[in-house]
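Student: okay, predicted coordinates and the sequence, questions at the end:
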Amino acid sequence: MKKNSKEKTARIYSSALYDVAVASSKLDAIKKDAEFLSELCQQNKDLVKKSSSPLLSDEQQKEVWQQVAVKAKLDAETLKCLDILVDNNRIDVLAEVMTDFIHLYYVGKNIAEVSVETVKPLTTTQDKKLREVLTKKFDKDVVIKYVENPDLLGGLRIMSGSKMFDGSLSYKLNCLENIMKGN
């Protein structure tokens, strides 16, 4: 399945799950489930692949996810979503559905999603100051995903949606190199 098609399919299911979560007043609980399932899919890529095997019946596939749901104490609405994905042979988009649900949650709560690349982890003081600055800049609460990238050499690269601020040392050195070359 093409990536764009996979994203469109995931958006349909995540939107439906979001609507159910809002209607049932379980938004926070289902967001917690979505975070768990998203992380599970990242850490155990074979789980989704094996559970969607054509060698397993729909009932066997549902049993796999029922066991996950029981162990993780997932909400009944989340389990219904898993069952629907299995019924429609779409469990392969589970990670994308959960990631998109989390995005819809943040949009609905007016929270900015920010990715910050650093050479090494920030101290607690640095993290607190960065959160204050970004909250002020975006005029809303922020949730930050940190990514370590030693290629930056120093500084930060901050991305949110289509906006990017590159204050990394590698970027500044590249700019300086271009100026010296006359570009």
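Tutor: Cool, got the structure.
Student: run through who's touching the one helix or strand Lys62 maps to.
Tutor: Lys62 belongs to helix 58-72 when assigned by DSSP states H and E. Residues from elsewhere that reach helix 58-72, judged by C-beta atoms under 8 Å, 6 or more residues apart in numbering: 33, 36, 40, 47, 51-52, 56, 74, 78-79, 82-83, 86-87, 91. Where C-beta positions appear, they are placed from N, C-alpha and C, glycine not excepted.
Student: mind redoing it with 7 Å?
Tutor: Contacts to helix 58-72, defined as C-beta atoms under 7 Å, 6 or more residues apart in numbering, come from residues 36, 51-52, 78-79, 82-83, 86-87, 91.
Student: just the CA trace of it, in CSV.
Tutor: Provided in CSV are the C-alpha atoms of helix 58-72 (Å, rounded to 0.1, in the frame of the first residue of the first chain):
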residue,chain,number,x,y,z
ASP,A,58,-10.2,-12.9,12.0
GLU,A,59,-11.1,-14.5,15.3
GLN,A,60,-7.5,-15.5,16.0
GLN,A,61,-6.3,-12.0,15.1
LYS,A,62,-8.9,-10.5,17.5
GLU,A,63,-7.8,-12.9,20.2
VAL,A,64,-4.2,-11.6,19.9
TRP,A,65,-5.4,-8.0,20.3
GLN,A,66,-7.9,-9.0,23.1
GLN,A,67,-4.9,-10.4,25.1
VAL,A,68,-3.0,-7.1,24.5
ALA,A,69,-6.0,-5.1,25.6
VAL,A,70,-6.5,-7.1,28.8
LYS,A,71,-2.8,-7.0,29.8
ALA,A,72,-2.7,-3.2,29.0
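Student: so for it, what's the average pLDDT?
Tutor: Averaged over helix 58-72, pLDDT sits at 91.
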